[in-house]
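Engineer: Pasting the sequence and the predicted coordinates here, then a few questions.
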Amino acid sequence: MRNVTSTSRNAEKFLPKLLDRLGKAKAKAVAHIKPGDDQEVVLSRFKKIEDELQRMEDLKLLPRVTLWEHTLFSQFTVLERLVDKLFLGDDESNPFNSLEAITDQIKASISLVQLPSYPERSLEFTHRSQPESSLTAVKKLSKELSQKGLEKGIYESRAMANLRRSYEHLEGTELRLCFLSFSIFPEESVIKKRPLIYWWIGEGFITATQDKTAEEVGEEIFGKLMKQGLIQPHGNVNLSTSCTLHPWIRCMLIGLARDALLFHFDSDWPWMPSCQVSLCRRACLVFDQNQTSPGEEDLFTVFNVNSNYLSFKREWLSKLKKVVVLQLGRWQSSPMHHIEVDDEGLFLKGIGAQHYLSFKYLSLRGISGITRIPSCIFNIISLEILDLRACHNLETLPSDISSLRKLTHLDISECYLLEGMPKGIGKLSSLQVLKGFLIANLINTPSRLGDLAKLKKLRRLSIYIGNEAVMHDNEFETLKEISSLRRLKISWAVVSPESRGKIAHQSLDFSFPPDLEKLDLQGIPLKEVPPWLNPRQLTNIKKLYIRGGELCSLDHAGEETVTDCKWRVEILRLKYLSNMKIELTEVEVQFPHLLYLEKVKCHEIEKDKYEKNIFWSKSQGQKLSNRA
């Protein structure tokens, strides 16, 4: 059997070789035409094969094969065997009958590899709006492909049939609906997991069970799709929180989602969803299309696919009386994706123009230009997820947010202009995730850490300690009272050398809940390891991330040797620690349960020059100390 890997590596040489063999078979066939055979028919059949192969070479299709190279070259293997039978005279039947089979095989191969990946519409179309000329060119290309009948060939191909079977074998309606949601994302998109799961929760595709929160169910579904190869991890497989979608799978999903009336796809541009609402109840904001369309009062979801400039009329939003999901912000993995609003986002006041009964999810993630969130939004008592992450111009929140009693997720992280926390956070009894809790001065922050101890369902918390932070005595000791907490992130603003002594003193009272599984420390302004950062107090920690800051070591001076107390950490990430010199032999001793280590830009040897980066996984079979 042909070695697929070897063949794929020499793809560009393979076609000329096949054309050469076909030419020899043609010469042999012509020389042996018996009386009564139609020479012109035989020659025309060979000509069809040569034309199809030459077309494949001219279009430079083979270099574009990645995931499907095995399928393609297995087809070419069959093709070459048919040519060999002609060349060697081994075909027991009339050898010229095989010519039609060869032509069909080549056409199938072309259909397989020429699923449009549109080099003109690569990442630049994913990340920002394009001039009208570029959009017109893409639409023109789409029409040409349709006119050539290529789209039909793709949908009727054997590979597409196999993909559909993979979809049909997915267990449960919720898994299928979540998978179909990937159909709206542009080709080559890097899709961030968290906004995706929030969308699924808002739509009702997934719900909490007796044993798991809705978010945990979403994590499980995301993992299943990745395990089955239907989505692909982006970046490090061990830590991936983003994914990509192969063009073939995306093509299948578009057809299925369109047939199921989940989304409307523009007939002039069949590979992208539309904001036009016809039979479906979901509108997608694509580039700078007009948002208005008939039937908007019945809209269930509005999803910003890649519109970079939001300019709504309040009247339009006020018509969305049945809306459940407003994903206006960024879903992309890259923070470079930019979304702007006009009039400081005053159109948001239209959201509270009527009483919502079922509105669950609002995302303004990554939108610049919004300086304040209208208080009307915090009167939507049905709201469950509010994502304001990376609204860099956001300065103030309403003074009291206690009315959002159903809120399970509140993300205000990376909002660096916020002056403080509103009161009422301690009354959000359903809160499971709180990101970006700001500790500032006492005047601007009526809500303090002690209030969070009342939140019995809080599982994930991130805290930002501002450069003007003033803390009550023993404030961080109250963290241990949040018994449900599993993941904690603490970030420090850049502080002056004069403030470090005060921070060192304040950090003495840090105390953590017993079942904490992940601790993420960012920008820690201490050189000596604090007394609470030790395996005795953090007994159940499985993930430890330390990024940036002044730490020089993880050793506690003056205490017993590390052999007396070991970490149970499985994933250790150390990044941008210019003062920290790390001995891998000591890491092996301190962290005997380690499965993965990431060390990036640690121990600055000289300006902008660091020790060698390390990405180590136990699954590779190599001892960590051997990487030195």
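Structural biologist: That came through, no problem. Here the structure is a predicted model, which means the values were calculated and not measured.

Engineer: For stretch 396-409, buried residues please.
Structural biologist: Of the residues in stretch 396-409, 397, 398, 401, 403, 404, 406, 407, 408, 409 count as buried by neighbour count, 16 or more other Cβ atoms under 10 Å. Quick note: C-beta positions are derived from backbone N, CA and C, even for glycine.

Engineer: So which of the residues you listed are in strands?
Structural biologist: Within those, residues falling in strands by DSSP state E are residue 409.

Engineer: would you turn the buried residues of stretch 396-409 into CSV with distance to residue 417?
Structural biologist: Compiled in CSV, the buried residues of stretch 396-409 are given as follows (distance: Cβ to Cβ, whole Å):
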residue, distance to residue 417
397, 11
398, 16
401, 18
403, 24
404, 22
406, 28
407, 22
408, 26
409, 22
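
Engineer: Residue 349 is in contact with residue 314, isn't it?
Structural biologist: Yes. Counting by Cβ atoms under 8 Å, residue 349 touches residue 314, with 6.0 Å between them.

Engineer: Give me the neighbour count for residue 184.
Structural biologist: 24 (other Cβ atoms under 10 Å).

Engineer: Please, where are all the helices along the stretch 501-628 of the chain?
Structural biologist: Here the stretch 501-628 of the chain has its helices, by DSSP state H, counting those that start in this stretch, at 584-590.

Engineer: And the strands in it, which stretches?
Structural biologist: 518-524, 543-549, 571-575, 596-600, 604-606, 609-610, 614-617 (DSSP state E, counting those that start in this stretch).

Engineer: got those as a markdown table, with mean neighbour count and distance to residue 420 columns?
Structural biologist: As requested, the strands of the stretch 501-628 of the chain are arranged in a markdown table below (neighbours: other Cβ atoms under 10 Å; distance: least, Cβ to Cβ, whole Å):
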| stretch | mean neighbour count | distance to residue 420 |
| --- | --- | --- |
| strand 518-524 | 19 | 20 |
| strand 543-549 | 19 | 24 |
| strand 571-575 | 19 | 29 |
| strand 596-600 | 19 | 33 |
| strand 604-606 | 11 | 35 |
| strand 609-610 | 12 | 37 |
| strand 614-617 | 17 | 39 |
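
Engineer: So for residue 377, which of the ones you listed sits nearest?
Structural biologist: Smallest distance to residue 377 across those (Cβ to Cβ): 28.8 Å, for strand 518-524.

Engineer: rewinding a little: now tabulate the strands of the stretch 501-628 of the chain in JSON lines and tack on distance to residue 462 and mean pLDDT.
Structural biologist: Below are the strands of the stretch 501-628 of the chain laid out as JSON lines (distance: least, Cβ to Cβ, whole Å; pLDDT from 0 to 100):
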{"stretch": "strand 518-524", "distance to residue 462": "8", "mean pLDDT": "94"}
{"stretch": "strand 543-549", "distance to residue 462": "12", "mean pLDDT": "94"}
{"stretch": "strand 571-575", "distance to residue 462": "16", "mean pLDDT": "95"}
{"stretch": "strand 596-600", "distance to residue 462": "20", "mean pLDDT": "93"}
{"stretch": "strand 604-606", "distance to residue 462": "27", "mean pLDDT": "86"}
{"stretch": "strand 609-610", "distance to residue 462": "27", "mean pLDDT": "88"}
{"stretch": "strand 614-617", "distance to residue 462": "25", "mean pLDDT": "90"}
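
Engineer: Now render those as CSV, adding distance to residue 342.
Structural biologist: Listed next are those as CSV, based on distance: least, Cβ to Cβ, whole Å:
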stretch, distance to residue 342
strand 518-524, 34
strand 543-549, 36
strand 571-575, 38
strand 596-600, 40
strand 604-606, 45
strand 609-610, 44
strand 614-617, 44
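
Engineer: Out of the ones you listed, which is closest to residue 532?
Structural biologist: Evaluated with Cβ to Cβ, the strands of the stretch 501-628 of the chain place strand 518-524 nearest to residue 532, the distance being 9.9 Å.

Engineer: so how far is the closest one off the chain centroid?
Structural biologist: Relative to its chain's centre, strand 518-524 lies at 23 Å (Cα atoms, centre = their mean, to the nearest Å).

Engineer: Kindly calculate the angle that it makes with strand 571-575.
Structural biologist: Here strand 518-524 runs at an angle of 10 degrees relative to strand 571-575 (axes from the mean of the first three to the mean of the last three Cα atoms, to 10 degrees).

Engineer: Pairing partners for strand 518-524, with directions?
Structural biologist: Sheet neighbours of strand 518-524, with direction, are listed as strand 487-492 (parallel), strand 543-549 (parallel) (DSSP bridges).

Engineer: Convert the C-alpha atoms of that strand to CSV, please.
Structural biologist: In CSV, the C-alpha atoms belonging to strand 518-524 read as follows (Å, rounded to 0.1, in the frame of the first residue of the first chain):
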residue,chain,number,x,y,z
LYS,A,518,-6.8,26.6,40.9
LEU,A,519,-4.8,29.6,42.0
ASP,A,520,-3.7,32.3,39.5
LEU,A,521,-1.4,35.1,40.7
GLN,A,522,-0.7,37.9,38.3
GLY,A,523,1.8,40.8,38.9
ILE,A,524,2.5,39.8,42.6
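
Engineer: ok, and what's touching that strand?
Structural biologist: 462, 486-494, 512, 530, 533, 538, 541-551 (Cβ atoms under 8 Å, 6 or more residues apart in numbering).

Engineer: mind running it again at 10 Å?
Structural biologist: If you take Cβ atoms under 10 Å, 6 or more residues apart in numbering as the criterion, strand 518-524 is touched by 460, 462, 464-465, 485-495, 503, 507, 512, 530, 532-533, 538, 540-551, 569, 571, 573, 575-577.

Engineer: Now which of the residues you listed would you call buried?
Structural biologist: Applying 16+ other Cβ under 10 Å to those flags 460, 462, 464-465, 485-486, 488-493, 495, 503, 507, 512, 530, 532-533, 538, 541-551, 569, 571, 573, 576-577 as buried.

Engineer: right, so of the strands of the stretch 501-628 of the chain, which gets closest to residue 163?
Structural biologist: Comparing the strands of the stretch 501-628 of the chain under Cβ to Cβ, the one sitting nearest is strand 614-617, at 30.5 Å.

Engineer: thinking again about what came up before, can I get the strands paired with strand 518-524 in a markdown table including distance to residue 261?
Structural biologist: Formatted as a markdown table, those follow (distance: least, Cβ to Cβ, whole Å):
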| stretch | distance to residue 261 |
| --- | --- |
| strand 487-492 | 38 |
| strand 543-549 | 42 |
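
Engineer: just to revisit the earlier point, which single one of the buried residues of stretch 396-409 is nearest to residue 332?
Structural biologist: residue 409 (19.0 Å).

Engineer: ok, the closest one - contacts?
Structural biologist: 194, 197-198, 201, 214-215, 361, 383-387, 430-435, 460.

Engineer: 7 Å instead?
Structural biologist: With Cβ atoms under 7 Å, 6 or more residues apart in numbering as the criterion, the residues that contact residue 409 are 198, 385, 432, 433.

Engineer: Out of those residues, which two sit at the greatest distance?
Structural biologist: Counting by Cβ to Cβ, the most remote pair of the contacts of residue 409 is 198 and 432, 12.0 Å apart.

Engineer: What does the nearest residue to residue 207 once chain neighbours are set aside show for phi and psi?
Structural biologist: Distances taken as Cβ to Cβ, 6 or more residues apart in numbering put residue 214 closest to residue 207, at 5.6 Å, once the chain neighbours are dropped. Residue 214 adopts backbone torsions of phi -60, psi -40, taken as degrees, to the nearest 10.

Engineer: Now for residue 214, how many residues are close by?
Structural biologist: For residue 214, the tally of surrounding residues (other Cβ under 10 Å) stands at 23.

Engineer: residue contacts, it?
Structural biologist: 201, 206, 207, 208 are the contacts of residue 214 under Cβ under 7 Å, 6+ apart.

Engineer: And the pLDDT at the third one?
Structural biologist: It refers to residue 207. pLDDT for residue 207: 93.

Engineer: The first one now?
Structural biologist: At residue 201 the predicted local confidence, pLDDT, stands at 96.

Engineer: what's the burial count for it?
Structural biologist: So residue 201, with other Cβ under 10 Å, has 24 neighbours.
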